[in-house]
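Undergrad: just need the structure, nothing else, for what follows:
(one chain, ligands or ions: 2)
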Amino acid sequence: DWIEFTSFFNKIIDRFEMTKNQDVHFTRHLLNTPVYIDMDEDKITQVIDNIISNALKYSPEGGEIIFHVEVHDDKLEVQVKDGGVGIPKENLDKIFDRFYRVDKARTRKLGGTGLGLAIAKEMIEAHGGEIWAKSEEGIGTTIYFTLPIDQEIEDDWS
Ligand code: ATP
Ligand code: MG
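TA: Ligands and ions are numbered 1, 2, ... in the order given. Now for the predicted structure:
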């Protein structure tokens, strides 16, 4: 289905902002022109839900989560940046594996099965996009993903 991404993304962020019980500030740098993506709304909602839950789970009180969207030619790039515990370099490429959780002792109390990002990767790749992470221990983590923008429908706007 064709979904206008900015209003779709805003609605998800709103839902987390209204229900969060942590003192974490949300900052949005979204697009100010409409962009239409052909996607399965439920599946991409699941992807974004997991990324935001992770960002909240690993953020300290008083932290900030920054949502950023930019357009790169024929794709949309979404970034969710937190100022949380971060992920050690040697574990970074494993976080998209099934059941992988960094430091079981550290994260056990925070719950989770280690499936969220593996499912996210499957779904983003099924949409023709990519997903990756950058992180620094003690500084924070940014999750990036892309989704293809259909050139034809975009051209109709100009
Ligand atoms: P689930 O999503 O199934 O409830 P989970 O959140 O533990 O469980 P993933 O979402 O797949 O699993 O994340 C895998 C692991 O990557 C997490 O357990 C955590 O160790 C690490 N991780 C993911 N996102 C972050 C983040 N924003 N900051 C720090 N560590 C993270
Ligand atoms: Mg998760």
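
Undergrad: could you pull up phi and psi at E136?
TA: phi -130, psi 130 (degrees, to the nearest 10).

Undergrad: now H72
TA: Dihedral angles (degrees, to the nearest 10) for H72: phi -120, psi 100.

Undergrad: next one: A118
TA: phi -70, psi -40.

Undergrad: pLDDT on stretch 138-149, on average?
TA: Mean pLDDT, computed over stretch 138-149, is 97.

Undergrad: ok, residues contacting that stretch?
TA: With C-beta atoms under 8 Å, 6 or more residues apart in numbering as the test, stretch 138-149 has contacts from 5, 35-39, 44, 47, 51, 54-55, 58, 71-72, 74-87, 120, 124, 127-135. (Glycine included, C-beta is placed from N, CA and C.)

Undergrad: skipping its backbone neighbours, what lies nearest M123 in space?
TA: K43 (4.7 Å; C-beta to C-beta, 6 or more residues apart in numbering).

Undergrad: the one you found contacts I124, correct?
TA: No: assessed by C-beta atoms under 8 Å, K43 is found out of contact with I124, at 9.1 Å.
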